[in-house]
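Student: what follows is a predicted protein model with its sequence.
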Amino acid sequence: MALSQEEALARFRQLEQQAQASFERGDFEKAAENLRNAVCFAPANARAYHGLGLAEAAAGHFDRAYEALQQANRLAPREFAILLSRAQVETSLGRFAQAHRTLVEAAQIEPENTLAGLLEVQILLAEHQTSGALAKAGELSRKFSTRTEVHARLGALLFQANLPKQAEHELELAQKLQPDNPQYLSDLVQVSVSGGDLSRAKSRLQQIAARGLPQSGQIHAQLGEQLFQQKQFDLALAELLRFKQSGLEQPESLFLLARVENAVGAYEDAVQDAARVENDAGLPERLRAAAATVAGLACKSIKQDDDAVRHLKLAIQLAPADLGTTIESAYLALAETYTEEQNPVEARKVLEQGTKALPDSTKIAVALGRNLAETGGNTAAIALLKELIRNAPGEAEAYRWLAQAYTSSGEVRLATEALEQLAQRQPEYPMADVMIAQSLLKEEPVDYTKALNRLERAEKSSPADPDIYYLRGKIYSSMGRYRDAVTALQRAIELGPAIPNSYYVLGLAYQKLGQTALAKEQFERMAHVRGGTPAP
């Protein structure tokens with residue numbers, strides 16, 4: 001049964017209202033669906049097609065957005081806003097020439113409207129036509145010299161295009177026109193930080209702080225977050241402390257303050273601020289779990305292990321699995337705390353729980369493999385780490401602990417192969433060549449030449465590592481090259497005088513050379529070092 005005109009209009013309005021509500025809460029797919037249904041009841045309504053185009057674009061469906069805006073344009077060919085939206089979608093589709101033509105058409109309808117000119121700058125920047133974009137930006141800046149919003153928008157566009165000097169010029173013009181607007185100073189702070197001018201950034205931050213505006217707490221919180229994202233931790237800390245002093249209740253920003261305090265080493269303050277968020281039962285568990293993780297990490301840093309365990313356990317208890325790296329940190333830190341307390345069994349339980357909660361975490365899997373390898377669970381360690389390497393061949397630590405598990409199982413050749421794979425995949429891995437040389441010395445028969453070649457490679461990257469010369473001396477002694485062994489071991493002792501084994505092997509080399517007095521001297525030095533006193 002066909003609807004009456006009044007019924008069709010009512011249904012259209014209902015769907016349009018639903019679409020607007022969906023759009024406002026960020027559900028663009030639902031908004032587009034509602035509007036697709038709405039236009040069926042009002043096929044000649046340009047506004048509905050315009051809204052549909054905006055919803056489709058917001059949802060990332062630019063082809064469908066373009067079709068809707070084309071229809072809107074056909075229904076209302078002189079509507080400036082529709083043309084502007086169409087040009088934006090054409091830009092997103094990479095149809096730059098078409099977008100420019102659409103803007104020309106829009107500018108003919110409203111020649112004094114600044115939006116078309118600003119969009120043209122945006123399109124030119126998207127085309128990487130930097131000189132053209134700067135020329136158009138300069139033209140707009142001069143033509144609308146008293147329009148604050150034009151300078152501000154130009155500043156934002158140029159900053160996004162990594163043109164900080166030009167962006168700063170426009171933002172300074174906006175700030176001069178509206179000196180009481182803290183947003184422009186805030187934007188200028190970002191430009192200064194991006195350009196590496198921290199002294200100017202600090203000056204502008206101080207100007208914002210000195211104004212004491214009612215909304216200053218929120219401004220300081222926003223700046224703190226932006227500076228944190230740019231890894232300017234000292235500046236972020238100052239802004240977030242100003243936020244805290246403002247008295248504004250904003251748990252997310254207080255949590256961020258705790259993160260910054262933990263990052264800069266203010267661990268006790270980090271614990272205090274994180275605990276305030278963690279203990280607020282009215283907050284989302286996701287936020288409380290993240291705060292508990294920070295509190296636990298900070299406690300661990302100041303050796304308050306009991307408190308660290310309590311916070312980290314709560315983080316794991318509260319956290320949803322999709323909290324990602326934050327909850328991963330909680331599992332790893334809790335396991336590490338147990339390991340440092342000589343409680344590998346509890347550490348293993350935590351890591352096993354972590355692998356179930358976060359099955360894609362290679363860090364937790366490696367930590368569990370290491371735990372097993374270090375506590376005699378070699379068979380389980382080998383199985384776990386081999387599977388991890390199949391799934392994540394770039395995870396360097398997996399090869400190292402696999403090698404240790406193989407060594408403990410008596411499979412020295414397999415241990416060497418694992419270390420050789422590590423060196424091949426990550427040539428810069430610390431001590432890889434030394435570890436390979438050590439492994440080669442445990443094989444039967446020993447390939448001394450291959451081991452010496454590995455030590456030669458290691459010396460090029462780490463010439464001050466005493467282990468290189470100790471192992472070289474040990475190899476030379478095994479080969480009967482005692483004078484070469486003495487030279488290498490003397491260098492090892494020079495670089496690492498607190499390593500007793502070097503004195504022992506050097507003493508044996510002197511014995512083989514018939515230099516008994518020098519041999520005795522080295523054995524005495526070894527005894528002093530092992531006893532914790534300096535070698536005479």
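Tutor: Yep, that arrived.

Student: C-alpha only now, for contacts and for neighbours.
Tutor: Will do.

Student: now do the helices in the stretch 251-400 of the chain.
Tutor: All helices of the stretch 251-400 of the chain, identified by DSSP state H, counting those that start in this stretch, fall at 251-264, 267-278, 285-301, 305-318, 325-340, 344-357, 362-374, 378-391, 396-408.

Student: list the buried residues of the first one.
Tutor: Meaning helix 251-264. Counting neighbours by 16 or more other C-alpha atoms under 10 Å, one finds that the buried residues in helix 251-264 are 251-263.

Student: that older thread, need the winner for burial among the helices of the stretch 251-400 of the chain.
Tutor: Neighbour counts (mean count of other C-alpha atoms under 10 Å) averaged over each of these peak at helix 285-301, with a mean of 27.

Student: what is the lowest-mean-pLDDT helix or strand in the chain packed up against?
Tutor: Here the helix or strand of the chain ranked lowest by mean pLDDT, DSSP states H and E is helix 198-211, holding a mean of 74. When contacts are defined as 3 or more C-alpha pairs under 8 Å, 6 or more residues apart in numbering; DSSP states H and E, helix 198-211 packs onto helix 182-194, helix 233-245.

Student: could you dump those to JSON lines with mean neighbour count, distance to Gly117 and mean pLDDT?
Tutor: Output for the helices and strands packed on helix 198-211, formatted as JSON lines (neighbours: other C-alpha atoms under 10 Å; distance: least, C-alpha to C-alpha, whole Å; pLDDT from 0 to 100):
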{"stretch": "helix 182-194", "mean neighbour count": "21", "distance to Gly117": "21", "mean pLDDT": "78"}
{"stretch": "helix 233-245", "mean neighbour count": "21", "distance to Gly117": "35", "mean pLDDT": "89"}
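
Student: any chance of the ones you listed in a markdown table, with distance to Pro320 too?
Tutor: Shown next, in a markdown table, are the helices and strands packed on helix 198-211 (distance: least, C-alpha to C-alpha, whole Å):
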| stretch | distance to Pro320 |
| --- | --- |
| helix 182-194 | 33 |
| helix 233-245 | 27 |
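
Student: hang on, the earlier thing: can you show me the CA trace of the least confident helix or strand of the chain as PDB?
Tutor: Listed next in PDB are the C-alpha coordinates belonging to helix 198-211 (Å, rounded to 0.1, in the frame of the first residue of the first chain):
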ATOM      1  CA  LEU A 198      61.900  25.100  22.700                       C
ATOM      2  CA  SER A 199      62.800  28.500  24.200                       C
ATOM      3  CA  ARG A 200      60.000  30.100  22.200                       C
ATOM      4  CA  ALA A 201      57.700  27.300  23.100                       C
ATOM      5  CA  LYS A 202      58.400  27.800  26.800                       C
ATOM      6  CA  SER A 203      57.900  31.500  26.500                       C
ATOM      7  CA  ARG A 204      54.500  31.000  24.900                       C
ATOM      8  CA  LEU A 205      53.600  28.400  27.500                       C
ATOM      9  CA  GLN A 206      54.400  30.900  30.200                       C
ATOM     10  CA  GLN A 207      52.200  33.500  28.500                       C
ATOM     11  CA  ILE A 208      49.300  31.100  28.600                       C
ATOM     12  CA  ALA A 209      49.900  30.300  32.300                       C
ATOM     13  CA  ALA A 210      50.200  33.900  33.200                       C
ATOM     14  CA  ARG A 211      46.700  34.700  31.900                       C
END
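
Student: could you give the angle of it to helix 233-245?
Tutor: Going by axes from the mean of the first three to the mean of the last three C-alpha atoms, to 10 degrees, helix 198-211 is angled at 0 degrees with respect to helix 233-245.

Student: toward the C-terminus, what is the element adjacent to helix 198-211?
Tutor: Once the chain leaves helix 198-211, the next helix or strand it forms, by DSSP states H and E, is helix 216-229.

Student: what residues sit buried inside that next one?
Tutor: 216-228.

Student: make TSV out of those and add pLDDT and distance to Pro43.
Tutor: Shown next, in TSV, are the buried residues of helix 216-229 (pLDDT from 0 to 100; distance: C-alpha to C-alpha, whole Å):
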residue	pLDDT	distance to Pro43
Ser216	70	49
Gly217	78	49
Gln218	79	45
Ile219	77	46
His220	81	49
Ala221	85	47
Gln222	81	44
Leu223	80	47
Gly224	85	49
Glu225	87	46
Gln226	82	45
Leu227	85	49
Phe228	90	50
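
Student: closest one to Ser301 out of the residues you listed, please.
Tutor: Phe228 (20.7 Å; C-alpha to C-alpha).

Student: so who does the closest residue to that closest one other than its chain neighbours touch?
Tutor: Spatial nearest neighbour of Phe228, excluding adjacent residues (C-alpha to C-alpha, 6 or more residues apart in numbering): Ala236 at 5.4 Å. Contact analysis of Ala236 by C-alpha atoms under 8 Å, 6 or more residues apart in numbering lists Leu223, Gly224, Glu225, Gln226, Leu227, Phe228, Val260.

Student: pretty sure the fifth one is in contact with Ala238, am I right?
Tutor: No - the pair Leu227 and Ala238 fails to qualify as a contact (C-alpha atoms under 8 Å) at a distance of 10.1 Å.
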